[in-house]
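# sequence unavailable; structure follows:
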């Protein structure tokens, strides 16, 4: 049972590195979509055997929302904002990947420290989830486009969600769906904001959003 | 009955998007707010039955913040209708850079206001920790369009920061919820339901390291939303760029809801004997927030930002009060009410000043007492109240917290607390007096009279703040004690 879970988690970690090293916006969106599909598969393999409503509903909604709906929203935002379709990071790709490696070491160390009280399907789960979240944070702070900040937020959320699938059986399905709905509406609202930013500023670089400071 | 508290504003909110007539929509806004307030006052007479299998229920803490939110929303909705009538849909010239911009559609503004109320109500009645998270995130999404009411680049920037910073913070809180779910798993695989009630009862069986990690994540996550330093960076931008109606609700109602998220985690810490751990964190973040606010209020030239940083300060005071516990927790609960009423009033008055003087710069406002007598007086009253001058409500609650700190022998905390309050009083009093007095420039003195409601609503809030400082009704005092007892 733990073999496919381990493979999925390794893929999740690799996708984090791809996200850090891709220079094309479209590629980054696809990576986040791929993560969403991985999460849906993870939710299937985390089941403890018996078939019930939540066991079917949750993987399907996860895959549909995170793997297809959110990426299509982002692709639409990218098309409508008509921006340069490069990531344009504030730090070099080499530095991005190095920071990714540092963060992976940190996640492995933390995962070792945090011992789960009950047996977990895979010892990789906590490090992989933490790593994906931290990659999201790196993307948020080191990329200048509004769209890449949303991608970073989604990667962060995916990491949290990956951890969540381990404890999902303990959370009622209604709450899980509520969480997915919130993320969906959140990205929808961010997409509208990106549209307005591109119309107002003719670009979506957030490093131009500097009008609001405390003037002494 | 509890479902109705959420369904009334939610349905009215969705309806508001589709009502074409301005008059009908404004009527809908006020009647929905009125109905919801009546209903939530009713929960003080008849204790409502839990709904959704105990996930939605009133308790002493939730009911207090729920009622406060409803009453405040009702007051603000009267102001909002007058405000929208005055500057609804025509184009405006920007006060700082002079370009022309329009406002968002009034229908979506009114609709988002009501959905925002529904989301905040859901926060206050959620007894399930994960449902609480869903509700807090929903408040972010419903309130973001309110900040972008003025369609110009500064409010767009504020909206973007608000969305990203709060979403990231809230994502950390979600990790905290999952950690809590791990902490609630017994070694034999059985689990404690994630309701506040069940977690409190079984708090001694929680896995301590996981619960501690969960508390830190919840504190950071909801603390971002509440505006605790150093996660407060979105707050001054959003509060200063949003229209005053939205600023008043963000400061007076939303921050309390985020605070409630932290209080739920604290309740469980107290029940599980982990209060030493959580108190230290709350005290640390509380004092840091107060200090950061003091630094940014000193020399602040933008009066809406000044009010926003004052909110950071007061969120710090709440965290300190809860961290001290005992009588200070009672003081913190009282301060929740006092701060909300005073700050909402101040933001509404700031909106009146802004409409006439057309500048957010403190130097640009002079002679408010002669140009806008009502708003000028209320501005002074509000600023003295918020800085903790007697005989207003905030003085009483801030003093209760100080006295509790001294009684507990926490002299260092008491000294730091008092010193920061003194710095902020000095920093806010000078610009407040300068704005109220002096001679106004000619074009301002000719300003046309504005709608009565724009002064009456803040005046009512001001009177309440004054009464709260002089007389605390026994029923309210009992409710505050009940709420504080949950926090020990």
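Sure thing, it's come through. Small disclaimer: the values here were computed from a predicted structure and weren't measured.
# going forward, measure contacts between C-alpha atoms and count neighbours the same way
OK.
# quick one, what contacts residue B:53?
Under the criterion of Cα atoms under 8 Å, 6 or more residues apart in numbering or on different chains, the contact list for residue B:53 is empty.
# just say helix, strand or coil for it.
At residue B:53 the chain is in coil, as set by DSSP: H, G, I helix; E, B strand; the rest coil.
# pLDDT score for it?
Looking at residue B:53, its pLDDT is 83.
# quick one: the helix or strand where residue B:427 lies near chain A?
Using DSSP states H and E, residue B:427 sits within helix B:411-436. No. Helix B:411-436 is not in contact with chain A by Cα under 8 Å from any Cα of the partner chain; minimum separation 13.7 Å.
# show residues contacting the next helix or strand after that helix.
Using DSSP H and E, the helix or strand that follows helix B:411-436 towards the C-terminus is helix B:442-445. Residues from elsewhere that reach helix B:442-445 (Cα under 8 Å, 6+ apart): B:356-357, B:371.
# take those residues and write them to CSV, including neighbour count.
Listed next are the contacts of helix B:442-445 as CSV, based on neighbours: other Cα atoms under 10 Å in any protein chain shown:
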residue, neighbour count
B:356, 20
B:357, 22
B:371, 23
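# got those residues as a markdown table, with distance to chain A and secondary structure columns?
Shown next, in a markdown table, are the contacts of helix B:442-445 (distance: Cα to the nearest Cα, whole Å; DSSP: H, G, I helix; E, B strand; the rest coil):
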| residue | distance to chain A | secondary structure |
| --- | --- | --- |
| B:356 | 22 | helix |
| B:357 | 20 | helix |
| B:371 | 27 | helix |
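# mind putting these into CSV with pLDDT and distance to residue B:428?
Below are the contacts of helix B:442-445 laid out as CSV (pLDDT from 0 to 100; distance: Cα to Cα, whole Å):
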residue, pLDDT, distance to residue B:428
B:356, 86, 21
B:357, 86, 19
B:371, 85, 21
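# for the helix holding residue B:427, packing partners?
Helix B:411-436 sits against helix B:275-297, helix B:368-371, helix B:373-386, helix B:393-407, with contacts defined as 3 or more Cα pairs under 8 Å, 6 or more residues apart in numbering or on different chains; DSSP states H and E.
# give me that answer again for 10 Å
Applying 3 or more Cα pairs under 10 Å, 6 or more residues apart in numbering or on different chains; DSSP states H and E, we find helix B:411-436 packed against helix B:275-297, helix B:303-324, helix B:368-371, helix B:373-386, helix B:393-407.
# and among those helices, the most buried is which?
helix B:303-324 (a mean of 28; mean count of other Cα atoms under 10 Å in any protein chain shown).
# tell me how far that one is from the chain's mean position?
Taking the mean of its C-alpha atoms, helix B:303-324 sits 10 Å from the chain's own mean (Cα atoms, centre = their mean, to the nearest Å).
# if I take that helix and helix B:275-297, what angle do their directions form?
Per axes from the mean of the first three to the mean of the last three Cα atoms, to 10 degrees, the angle that helix B:303-324 makes with helix B:275-297 is 160 degrees.
# pretty sure residue B:36 is in a helix, no?
Yes. Counting by three-state DSSP, residue B:36 is part of a helix.
# for burial, what's the neighbour tally of it?
26 (other Cα atoms under 10 Å in any protein chain shown).
# pLDDT value on it, please?
On the pLDDT scale, residue B:36 gets 96.
# that one contacts residue B:5, doesn't it?
Yes. With contact defined as Cα atoms under 10 Å, residue B:36 reaches residue B:5; the gap is 5.8 Å.
# which residues do those two both contact?
B:70, B:117-118, B:121 (Cα atoms under 10 Å, 6 or more residues apart in numbering or on different chains).
# between these, which is nearest chain A?
residue B:118 (14.6 Å; Cα to the nearest Cα).
# could you measure from the closest one over to residue B:245?
17 Å (Cα to Cα, to the nearest Å).
# so which of the two has more stuff around it?
Shown here are residue B:118 and residue B:245; by other Cα under 10 Å, residue B:118 has more neighbours (27 against 24).
# so how far is the helix or strand harbouring the more buried one off the chain centroid?
Here residue B:118 is covered by helix B:106-125, with elements defined by DSSP H and E. For helix B:106-125, the separation from the chain centroid amounts to 14 Å (computed by Cα atoms, centre = their mean).
# let's test this: mean pLDDT of it, rounded?
Mean predicted lDDT for helix B:106-125 stands at 95.
# can you name the element that comes right after it?
From helix B:106-125, the next helix or strand downstream (DSSP H and E) is helix B:129-147.
# which elements pack onto that next one?
Contacts defined by 3+ Cα pairs under 10 Å, 6+ apart place helix B:129-147 against helix A:173-201, helix B:106-125, helix B:153-183, helix B:208-226, helix B:234-241, helix B:244-249, helix B:255-271.
# next, the angle from the last one to helix B:106-125.
The directions of helix B:255-271 and helix B:106-125 differ by 10 degrees, with the same axes, to 10 degrees as the criterion.
# so residue B:209 makes contact with residue B:184?
No. Here residue B:209 does not reach residue B:184: they are 11.5 Å apart, not a contact under Cα under 10 Å.
# neighbour count winner among the two?
The neighbour count for residue B:209 versus residue B:184, taken as other Cα under 10 Å, is higher for residue B:184 (27 against 14).
# gap between the more buried one and chain A?
Remark: distance between residue B:184 and chain A (Cα to the nearest Cα, to the nearest Å) = 9 Å.
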